[in-house]
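Engineer: I would like the atomic coordinates for the input below:
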Amino acid sequence: MALNYSLFAGVFAVVFVQAMISSAMAEDIVRSSCMHASFPNICIRTLSSYSGPAKTPRDLAQAAVKVSLARARRASAYLNGVVAGEGKGKGGSKRERAAASDCVEQISDSVEELSNSLTELKHLRPGTFRWQMSNAETWVSAALTNDDTCLDGFKGVEGKVKADVKRKMTNVARVTSNALYLINRLDSTRGMAGMDP
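Structural biologist: Alright, predicted model coming up:
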C-alpha cells in the first residue's frame with residue numbers, strides 16, 4: 001500500500017510540475033508576444049485568460065482573432081437591439097438609432113472578415129503561406145476600418161447609446177488591433193523560423 005501511495009505521489013508531483021512549467025511557458029509567450037502590441041495590457045489580459053492552447057505564435061494569432069470575433073459579435077447583438085428598440089439601447093433617439101443602423105452593417109462586415117481571417121489562419125500551408133497571411137492581414141485590417149467607421153457615424157450624436165456604442169466599439173477596435181499585430185508578427189517570424197506557424 002505504501003508503494004502505491006509513493007508511486008501515486010511521485011506521478012502527481014511530475015504531472016503538477018509539468019503543468020506549472022507549461023502554464024509558465026504559455027504566459028511567457030503571451031507576455032513576450034504582446035509586449036509591443038498597440039494595447040499590450042489588453043493583449044496580455046485577454047490572451048492570458050483565453051482557454052485555448054497558446055503555445056506558438058500561430059496559436060496566439062488565432063486566439064486573438066477569436067477574442068476579436070467574440071467581441072464583435074457581442075457588439076453586433078447590442079447594436080441590433082438598439083435598432084430594434086430593445087434592451088439597454090431602448091429609448092435611444094432617432095438619430096442614435098439611425099447611426100446604430102449604419103453601424104450594424106459595418107460590424108456585420110467585421111464579423112465576416114474576422115471569420116474569414118480565422119479560417120485562413122487555421123489552414124495555413126507552406127506553399128501558400130504568404131498569400132494566406134496577406135488575406136488574413138487584409139481582412140483584419142478591413143474589420144478594424146469598419147470599427148472606426150462605425151464610431152465615425154456617431155459624431156455629432158449625443159446620448160447614452162452613443163456612449164455605450166463608443167465603449168463597445170473601442171473595445172472591439174483595440175482587440176482587433178492587437179489581433180492584427182499578432183498576425184503581422186506571425187507573418188514576419190515565419191521566414192526566420194521556417195514554416196512552423
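Engineer: burial count for residue 140?
Structural biologist: The tally of other residues near residue 140 (other Cβ atoms under 10 Å) stands at 30. Every residue, glycine included, has its C-beta placed from N, CA and C.
Engineer: That one: which element?
Structural biologist: helix 129-152 (DSSP states H and E).
Engineer: by contact count, what packs against that helix?
Structural biologist: Helices and strands touching helix 129-152, by 3 or more Cβ pairs under 8 Å, 6 or more residues apart in numbering; DSSP states H and E, are helix 57-84, helix 94-122, helix 160-193.
Engineer: try 7 Å
Structural biologist: If you count contacts as 3 or more Cβ pairs under 7 Å, 6 or more residues apart in numbering; DSSP states H and E, helix 129-152 packs onto helix 94-122, helix 160-193.
Engineer: Relative to residue 145, which of these is closest?
Structural biologist: helix 94-122 (8.8 Å; Cβ to Cβ).
Engineer: about what we covered before: export the helices and strands packed on helix 129-152 to TSV and tack on distance to residue 151?
Structural biologist: Formatted as TSV, the helices and strands packed on helix 129-152 follow (distance: least, Cβ to Cβ, whole Å):
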stretch	distance to residue 151
helix 94-122	8
helix 160-193	5
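Engineer: can you put those helices in TSV and add mean neighbour count?
Structural biologist: Shown next, in TSV, are those (neighbours: other Cβ atoms under 10 Å):
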stretch	mean neighbour count
helix 94-122	20
helix 160-193	20
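Engineer: Out of those, the one nearest residue 85 is which?
Structural biologist: Using Cβ to Cβ, the nearest of those to residue 85 is helix 94-122, at 7.2 Å.
Engineer: still on that earlier bit, and the helix holding residue 140, which residues are buried?
Structural biologist: Neighbour-count burial for helix 129-152 flags 129, 132-133, 135-137, 139-147, 149-151 (criterion: 16 or more other Cβ atoms under 10 Å).
Engineer: how far does that helix sit from the chain's center?
Structural biologist: From the chain centre to the centre of helix 129-152 is a distance of 12 Å (Cα atoms, centre = their mean, to the nearest Å).
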